[in-house]
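Enquirer: Structure of the sequence below:
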Amino acid sequence: MRLPRLTTNRCLLRLAEPQDLLEVLRYWRENGSRYSPALPGALLTEAYWEERILLALRELQDESTCKLYVFEREQQRIAGTITFTDIKRGFQHQCALGYGLSGEHEGRGLMTEAASRAIELVFDELKLHRIEASYHESNLRSARVLERLGFQREGVLRDAMWIDGAWQSQILTARLNPSWTPPK
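Expert: Model prediction:
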C-alpha cells in the first residue's frame, strides 16, 4: 500500500515521520483520555516514539495496521489520531477503528471530518468489508461521532477494558462497506 496523505477542509491525515518525533511526543504527553488506559511513563519517551514511528510504517506495509495522525492543516500540529488495527483478510476482510482527539479540538466536528476521509481509504484502497469500533458506555461524544459516520450499535462488550482501577464496559458498533466485492 502506498503511504496515505489524505486531506480534508481542515486536516491532513498521514503517518508520523521521523521529523515529527517531538510533535508526536508533545501530543501523547498532553492528551491522556479518561476513556482509555493511561500510558506508562516509559511510553512517553523519545526513544519509544522513535521506534513506534518506524514500526507504524512496517505495519502499514504488512497491511496489519494503519496509524494515521490528524494534523491541523494550518499549523501542522497534531490534533488527534485515527488507527485501523487488527486488519484481517481471508474470510473476514475487516478491521477495528480507534481514535482520539485533543481536548482543545473536541466539539468542532474535526474527528467526524477526519475519520470520514480515513474510512474512505479503508473501504476503497484496503478493500475491507467491515470496520468495528467500540466506545466507553459513558462517552456520548464518541457515540455521536460513530453515529454520524454511519456505524450501527451491535452490542455491549462487558468488562472489556481495565481503566482507572476498574473494569469498564464498551459499546460495540460496526459499519459495512456497501460497495465491497470479493477479491478476484
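
Enquirer: Going by contacts, tell me the helices and strands next to the helix or strand of the chain with the lowest mean pLDDT.
Expert: Across the helices and strands of the chain, mean pLDDT, DSSP states H and E gives its lowest value to helix 21-30, namely a mean of 90. Counting contacts by 3 or more CB pairs under 8 Å, 6 or more residues apart in numbering; DSSP states H and E, helix 21-30 packs against helix 46-61, strand 78-88. Every residue, glycine included, has its C-beta placed from N, CA and C.

Enquirer: Format the CA atom coordinates belonging to the longest one as CSV.
Expert: When you say that, I think you mean helix 46-61. Extracted C-alpha coordinates of helix 46-61, given in CSV (Å, rounded to 0.1, in the frame of the first residue of the first chain):
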residue,chain,number,x,y,z
GLU,A,46,11.7,10.0,22.6
ALA,A,47,13.2,6.5,22.2
TYR,A,48,9.9,4.8,22.5
TRP,A,49,8.2,7.1,19.8
GLU,A,50,11.2,6.9,17.6
GLU,A,51,10.7,3.2,17.4
ARG,A,52,6.9,3.4,17.1
ILE,A,53,7.1,5.8,14.1
LEU,A,54,9.3,3.3,12.2
LEU,A,55,7.1,0.4,13.3
ALA,A,56,4.0,2.1,12.0
LEU,A,57,5.5,2.2,8.6
ARG,A,58,6.3,-1.6,8.7
GLU,A,59,2.7,-2.3,9.9
LEU,A,60,1.3,-0.4,7.0
GLN,A,61,3.5,-2.2,4.6
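
Enquirer: circling back to that earlier point, now the least confident helix or strand of the chain: how far from the chain's centre is it?
Expert: 16 Å (CA atoms, centre = their mean, to the nearest Å).

Enquirer: Over to stretch 141-153?
Expert: Worked out by CA atoms, centre = their mean, stretch 141-153 lies 14 Å from the chain centre.

Enquirer: mean confidence score for that stretch?
Expert: In this model, stretch 141-153 has an average pLDDT of 97.

Enquirer: Run through who's touching it.
Expert: Outside stretch 141-153, the residues that touch it by CB atoms under 8 Å, 6 or more residues apart in numbering are 35, 99, 106-107, 111-112, 115-116, 119, 131, 133, 135-136, 171-175.

Enquirer: Among the residues you listed, which ones are in strands?
Expert: Judged by DSSP state E, the contacts of stretch 141-153 include 99, 131, 133, 135, 136, 171, 172, 173, 174, 175 as members of strands.

Enquirer: Of all the residues you listed, the one with the weakest confidence?
Expert: For the ones in strands among the contacts of stretch 141-153, the pLDDT minimum is residue 136, 90.

Enquirer: Which residues does it form beta bridges with?
Expert: Per DSSP bridges, residues listed as beta-bridge partners of residue 136: residue 170.

Enquirer: Touching, it and residue 170? I think so.
Expert: Yes. Using CB atoms under 8 Å as the test, residue 136 is close enough to residue 170 to be in contact (6.2 Å).
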